[in-house]
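J.: no sequence for this one, just the structure:
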Ligand SMILES: [Zn+2]
Ligand SMILES: [Zn+2]
């Protein structure tokens, strides 16, 4: 399986993540990707290519133009206003406030376009986000050209980003862009299966009312886990999309038995629905030693999960999402890919 | 005019405020109050009393019980979960998320009950917030017993706090508690006039659908100033309260001429409505040198504003809100009170 990877991910390296009332070194850091690269090479999966330049057209079609403009110019505007630190949102449109009025002030705009304050924007964030999307697009191109599957080693990740909000370390929703491009290239029905520990709120949000993209997510129950305010089982889609949003929230301590049962249920529904193409939001923070998650998967479980996904025999693009147990991120990610190939 | 003041405000002294992507020493700090006290004494306004113990009954009636329970227990729960820093919200219910589901996890609960991440909760915040409310209640009691007016030297301030959200340095909405207690003691119509530089979003929110409490606020336009997502002129109240919410958003650089015209308009409407009692949200951050605001009032303007307010000849409770140009806070606050007496 070919991997698409860009060194430009390093342009995004915030020094600060708001966590537990302190600034800590971000869990989502460049070294995560190095561990995956090393493991790919160690296992002989060394067909690793740089992506083609990003194609903005499908991104502009799927996402909000004002949001993209904001991401591109926020750092410059923030610095021009004399802000000393990285961009971190302090005020978002909260309950009881207007959810649809965009401030002109940069501090206010940051709040409007953000849904969580742990995620910083720095000088290189926009370039890195575009390089991440480029990896996803090139992986899609590879599969559209006939490959069974491809792996986009995306960083920053994407599944928490909506059409007009960043947060949860995510800026451009790579998996969503791939799903839309699958559609644009002729797939009638595209499924996105999100196995990251955290609910893919951005992806859900983007396709919630659509009947051509099914979204399924296995994740920590929102009562107990970020993003807290989305990811409940009763979020099943709306309008034409009703029934095509499948959330599997699971509680703290969930092990592979219950997790795999949810995975099989999602796979069964994706198969029954008749998906033509598959996008995997490949986070590996369901791992037992992940520092910010609470599932209990072992490394072998990721191989097994990959195998189950492979049995769908669909054209598949894997997009890297989260996973923060730094050393194990490489092993667990590559285990999914090896399991997938090993059906 | 009697002042009510409690030393317990010192129990709330966060070390960190999220501002410009950094932690800075909070602008809302204990010394603010010392400057007001010193100035009161310097000007011979030394009738300064400690408040009676807080009366929880009116607070429990006006505010959300779950919110009060959260404020009381948040610090203990935060520390029990091993959080290292002060309580600072990282995730609030954002656009596109559930606005009505409360997480069980303390990090999630903090987000639910917060509308801005600049405001930290510490071990002493609840006690300080209660002492602040106690000052407001004692000032109300003093006026209800026959005094023309009283000054509650509240800290922390209150006008940004809603029935179930803290933020903007505010936890319990003191002015709103006073307005409700005026009503409970027989005033048919109570007006709250908020001259703090920032929109009193919490107060607006609490009385938005009521016809017995009028709210008027002079403040920096929300497009340009915190709280960014509330405070527009077209927010006029709803249902029975329609027409009884008066917002006067003004742009950067506004001086006393335009500001006083807005004040006079608000005073005219309060008078025409036939208010029986008045609560002043007394922030002095409209001052020209305030570090986080952008109006251009001089110290003498505050005397003049107090004089205009005094001409309403209503039983009046002043509740201290913001004002961060530390030394001038004392002068400007006392100028309002002296102007009020000097009609
Ligand atoms: Zn994750
Ligand atoms: Zn203020």
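T.: Alright, I've got the coordinates. A quick note: this is a predicted structure, and the numbers were derived from the prediction, not measured. Ligands and ions are numbered 1, 2, ... in the order given.
J.: which intervals of chain A have sub-threshold pLDDT?
T.: A:343 (pLDDT under 70).
J.: would you map the helices across it?
T.: Ranges of helices within chain A are A:31-42, A:56-62, A:65-80, A:106-112, A:125-144, A:174-184, A:201-207, A:256-273, A:299-310, A:326-341, based on DSSP state H.
J.: quick one, which of those is nearest to residue B:315?
T.: helix A:106-112 (37.5 Å; Cβ to Cβ). C-betas here are computed from N, CA, C, even on glycine.
J.: show me what that closest one is packed up against.
T.: Helix A:106-112 is packed against helix A:65-80, with contacts defined by 3 or more Cβ pairs under 8 Å, 6 or more residues apart in numbering or on different chains; DSSP states H and E.
J.: who are the packing partners of the helix it packs on?
T.: Using 3+ Cβ pairs under 8 Å, 6+ apart, helix A:65-80 sits against helix A:106-112, helix A:125-144.
J.: what comes up buried for that helix?
T.: Using 16 or more other Cβ atoms under 10 Å in any protein chain shown as the test for burial, helix A:65-80 gives A:67, A:68, A:70, A:71, A:74, A:75, A:77, A:78.
J.: go through these and name the one nearest ligand 1.
T.: Distance to ligand 1 across the buried residues of helix A:65-80 (Cβ to the ion) is lowest for residue A:71, with 20.6 Å.
J.: among the helices of chain A, which is nearest residue B:233?
T.: That would be helix A:106-112 among the helices of chain A, by Cβ to Cβ, at 17.1 Å.
J.: how about the residue sitting furthest away from the middle of chain A: what's its closest non-neighbour residue?
T.: Residue farthest from the centre of chain A, counting by Cα atoms, centre = their mean, is residue A:82 at 31.9 Å. Nearest non-adjacent residue to residue A:82, counting by Cβ to Cβ, 6 or more residues apart in numbering or on different chains: residue B:20, 7.7 Å away.
J.: can you name the residue of the stretch 51-200 of chain A nearest to chain B?
T.: Closest approach between the stretch 51-200 of chain A and chain B, counting by Cβ to the nearest Cβ: residue A:85, at 2.7 Å.
J.: and the nearest residue to that residue once chain neighbours are set aside, how many neighbours?
T.: Excluding its sequence neighbours, the residue lying closest to residue A:85 (Cβ to Cβ, 6+ apart) is residue B:21, at 2.7 Å. By the measure other Cβ atoms under 10 Å in any protein chain shown, the count of residues near residue B:21 is 23.
J.: so who does residue B:21 touch?
T.: By Cβ atoms under 8 Å, 6 or more residues apart in numbering or on different chains, the contact list for residue B:21 reads A:16, A:78, A:83, A:84, A:85, A:86, A:87, A:88, A:120.
J.: quick one: contacts for the closest residue to ligand 2 within the stretch 201-343 of chain A?
T.: Distances between the stretch 201-343 of chain A and ligand 2 by Cβ to the ion are smallest at residue A:229, namely 27.9 Å. Residue A:229 sits next to A:222, B:91, B:93, B:94, B:97, B:98, B:99, B:101, B:103, B:108, B:111, B:112 when contact means Cβ under 8 Å, 6+ apart.
J.: and what of residue A:106?
T.: Applying Cβ under 8 Å, 6+ apart, we find residue A:106 in contact with A:74, A:77, A:78, A:80, A:81, A:83.
J.: next, give phi and psi for whatever residue of chain A ends up closest to ligand 2.
T.: Nearest residue of chain A to ligand 2, counting by Cβ to the ion: residue A:91, 13.5 Å away. Residue A:91 adopts backbone torsions of phi -140, psi 110, taken as degrees, to the nearest 10.
J.: was I right about it contacting residue B:228?
T.: Yes - in this structure, residue A:91 is within contact of residue B:228 by Cβ atoms under 8 Å, at 5.5 Å.
J.: which residues do these two both contact?
T.: A:107, A:108, A:111.
J.: export the residues you listed to JSON lines and tack on neighbour count?
T.: Shown next, in JSON lines, are the shared contacts of residue A:91 and residue B:228 (neighbours: other Cβ atoms under 10 Å in any protein chain shown):
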{"residue": "A:107", "neighbour count": "22"}
{"residue": "A:108", "neighbour count": "25"}
{"residue": "A:111", "neighbour count": "27"}
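J.: out of the residues you listed, which is nearest to residue B:249?
T.: Nearest to residue B:249 among those, with distances taken as Cβ to Cβ, is residue A:108, at 13.1 Å.
J.: what's the residue closest to the geometric middle of chain A?
T.: Most central in chain A (Cα atoms, centre = their mean) works out to residue A:159, at 2.8 Å.
J.: list the contacts for the nearest residue to that one once chain neighbours are set aside?
T.: Leaving aside its chain neighbours, residue A:159 sits nearest to residue A:200 (3.8 Å; criterion: Cβ to Cβ, 6+ apart). Shown in contact with residue A:200 (Cβ under 8 Å, 6+ apart): A:159, A:160, A:175, A:192, A:194, A:215, A:217, A:219, A:281, A:321.
J.: restricted to strands, list those.
T.: Of those, the ones assigned to strands by DSSP state E are A:192, A:194, A:215, A:217, A:219, A:281.
J.: kindly identify which of those also come near ligand 1.
T.: Contacts with ligand 1 within these, counted by Cβ under 5 Å from the ion: none were found.
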